[in-house]
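In: Okay, predicted coordinates and the sequence, questions at the end:
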Amino acid sequence: MQKEICFTIDSDVYEKLMMALQLSGEDQESVLENCVKSYIAKTFGEISEEYSLDKKKAIADRDYTGKAIQRIPDWSAKPNQNNHKIIRAFFTAEDSSGSVTLDTMEKLCGDKSKSELYVANFKNNYAQMKLDGPKMYGKVFEDDGENVWIWKEVEEVLRKFKDDFLE
């Protein structure tokens, strides 16, 4: 079911939006819907961070540390999985520029024309790869909101399988 939403924006912003839409060939509704989805994912991610900090002690009582270490070999062999694609995007960005930003990874995983990297819900899947817990994929990455790096607990194993992710 679809809902209609109306809002007012600055005329200068609107003009720039129209120019960007012409250049990209995308339609206004899908672009704005993607912006809303991005906002939702960002907000949920921030709330998740706050919640995880508040619950750090409770989670520390359970041992999920390094959950991804056991899963990395399987992920490396399954290129259609989102985990594989996100890790591949990380290594692709790292090889290209030496450092990795969240924005770069999101752009790489958001390009539908590159099926080997495309992840429909990148932010949600990436957030799952930043936490260790019973319902998480396993922690692989850390970031400061801009720069991304491999979590030190899994780095040795992940780098061992780097070539498998990039094939």
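Out: Yep, it's here.
In: where along this protein do the strands fall?
Out: 100-101, 141-143, 147-150 (DSSP state E).
In: want to try TSV for these, with mean pLDDT and mean neighbour count as columns?
Out: For every residue, glycine as well, the C-beta is placed using N, CA and C. Output for these, formatted as TSV (pLDDT from 0 to 100; neighbours: other Cβ atoms under 10 Å):
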stretch	mean pLDDT	mean neighbour count
strand 100-101	96	19
strand 141-143	95	17
strand 147-150	96	18
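In: Quick check: pLDDT value at K3.
Out: For K3, the pLDDT comes out at 87.
In: Would you mind measuring from it to E29?
Out: For K3, the distance to E29 (Cβ to Cβ, to the nearest Å) stands at 12 Å.
In: Neighbour count: the two, which is higher?
Out: For K3 versus E29, the count of surrounding residues by other Cβ atoms under 10 Å is larger for E29: 9 against 4.
In: Confirm for me that K78 is in contact with H84.
Out: Yes: under the criterion of Cβ atoms under 8 Å, K78 makes contact with H84 at 5.5 Å.
In: Show me which of those two is the more surrounded one.
Out: The neighbour comparison of K78 against H84 (other Cβ under 10 Å) goes to H84, with 21 against 11.
In: Who are the contact partners of the more buried one?
Out: W75, S76, K78, F165 (Cβ atoms under 8 Å, 6 or more residues apart in numbering).
In: Tell me the pLDDT of the first one.
Out: Think W75. On pLDDT, W75 comes in at 95.
In: give the contact list for it.
Out: Counting by Cβ under 8 Å, 6+ apart, W75 touches Q81, N83, H84, I87, F165.
In: What helices and strands are in contact with the helix ranked longest in the chain?
Out: As assigned by DSSP state H, the longest helix anywhere in the chain is helix 28-54. Under the contact definition 3 or more Cβ pairs under 8 Å, 6 or more residues apart in numbering; DSSP states H and E, helix 28-54 sits against helix 11-24, helix 122-128.
In: Give me whichever of these is most buried.
Out: helix 122-128 (a mean of 20; mean count of other Cβ atoms under 10 Å).
In: Where does pLDDT dip in this structure?
Out: For the chain, residues meeting the criterion pLDDT under 70 lie at 51-65.
In: Centre-most residue in it?
Out: Nearest to the centroid of the C-alpha atoms of the chain, with distances taken as Cα atoms, centre = their mean, sits Y126, at 3.3 Å.
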